[in-house]
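>>> Need the 3D shape of this:
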Amino acid sequence: MSRLSSHSEPASRAMSALSTIVNLALSRRNQAIVLLSVPLMYPLWVALAAERWRRLHGAVVQTWVEVIGELEALLSLGGYSHEHPDDPMPELVQGQTELVAIDLGHPLIPAARCVRNDVSLSGTTRILLVSGSNMSGKSTLLRTVGINTVLAMAGAPVRARSLCLSELQVGASIRINDSLHEGSSRFYAEITRLRQLFDLADGGRPLLFLLDELLQGTNSWDRRSGAEGIVRAFAAHGAIGLISTHDLALAGISGLEPGTLRNVHFQDELQGGHMTFDFKLRDGVVTKSNALELMRSIGLTV
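The predicted structure follows:
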């Protein structure tokens with residue numbers, strides 16, 4: 001490959017020469033070399049050899065690293081395809097921005113425990129608002145959609161019965177935390193990330209946004225108002241995506257075309273002091289809350 005050469009010399013041979021120079025530099029610790037290093041000007045000759053190598057090959061080292069990175073990525077995708085022969089290739093379509101998945105699952109969850117769901121962002125439906133309790137599967141659903149989209153855009157098989165999607169770029173705001181070192185709150189870190197996603201939405205490819213617990217770091221009034229503005233802005237940019245939330249007030253986000261936002265939810269059951277989940281995605285807004293029952297189950301007086 002021409003990208004793995006320098007002045008018609010293969011990169012392997014050039015790196016072998018660099019390895020020799022490194023070994024010569026390390027040999028300065030050898031007692032015999034120490035005795036002769038000053039009379040023979042050994043360190044100078046090694047430094048000159050290193051500088052000569054840098055002038056000859058230094059400009060193409062970054063290209064070599066990029067090629068190796070591409071090869072490793074292709075090997076990883078090939079390995080995934082070999083280990084999961086039942087995973088189909090996605091279907092890429094032209095035209096309207098969309099993502100339609102049947103029996104979509106997370107590639108890192110063992111098949112025996114993986115619960116699959118259908119996800120559809122097509123037609124008038126551009127945004128899914130996912131409600132539900134903690135541990136019910138909201139964040140996992142967002143990650144499932146994101147990682148399968150990345151696999152599809154990389155030309156790899158996907159964990160689904162079928163996945164049909166247009167060309168997309170993925171932008172996520174998941175597990176955003178505050179930083180004592182940087183002096184930023186969780187809310188500031190989140191809105192900074194959202195600004196980065198807006199910049200992506202202005203790019204050449206349509207954006208698939210994944211927002212976990214949108215604007216959780218502020219009060220309920222600002223959260224509702226801010227979320228409405230953010231959702232309207234993403235919709236105006238032609239983006240599609242999923243938003244997870246505990247705040248059921250967000251289920252009534254206004255200012256969108258009819259059918260643009262669709263509410264879906266995960267359910268749970270509290271039986272005998274234990275939470276159980278089926279991780280199946282259902283239409284509509286979650287209608288029950290288990291926070292008080294769960295707190296009582298562990299001995300809190302509420």
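>>> mind listing the strands for the protein?
5-6, 9-10, 91-92, 99-104, 117-121, 127-131, 162-165, 169-173, 207-212, 240-245, 261-265, 268-271, 274-277, 282-283 (DSSP state E).
>>> Dump those strands to TSV, plus mean pLDDT, mean neighbour count and distance to residue 156.
Using the backbone N, CA and C atoms, a C-beta is placed for each residue, glycine as well. Formatted as TSV, the strands of the chain follow (pLDDT from 0 to 100; neighbours: other C-beta atoms under 10 Å; distance: least, C-beta to C-beta, whole Å):
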stretch	mean pLDDT	mean neighbour count	distance to residue 156
strand 5-6	82	18	29
strand 9-10	86	12	30
strand 91-92	94	13	12
strand 99-104	96	20	15
strand 117-121	94	19	18
strand 127-131	90	22	24
strand 162-165	95	20	11
strand 169-173	88	20	14
strand 207-212	90	24	16
strand 240-245	89	24	21
strand 261-265	89	20	27
strand 268-271	74	14	33
strand 274-277	77	12	29
strand 282-283	90	11	30
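>>> Tabulate those in CSV, adding columns for distance to residue 137.
Shown next, in CSV, are the strands of the chain (distance: least, C-beta to C-beta, whole Å):
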stretch, distance to residue 137
strand 5-6, 50
strand 9-10, 51
strand 91-92, 26
strand 99-104, 12
strand 117-121, 8
strand 127-131, 9
strand 162-165, 19
strand 169-173, 17
strand 207-212, 12
strand 240-245, 9
strand 261-265, 10
strand 268-271, 9
strand 274-277, 6
strand 282-283, 11
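>>> Among the ones you listed, single out whichever gets nearest to residue 39.
Across the strands of the chain, residue 39 has its closest neighbour in strand 9-10 (33.2 Å, C-beta to C-beta).
>>> tell me what the closest one is packed against?
Judged by 3 or more C-beta pairs under 8 Å, 6 or more residues apart in numbering; DSSP states H and E, strand 9-10 is in contact with no other helix or strand.
>>> if I pick the nearest residue to residue 63 once chain neighbours are set aside, what's in contact with it?
Distances taken as C-beta to C-beta, 6 or more residues apart in numbering place residue 3 nearest to residue 63, at 5.5 Å, with adjacent residues excluded. By C-beta atoms under 8 Å, 6 or more residues apart in numbering, residue 3 lies in contact with 63, 64, 66, 67.
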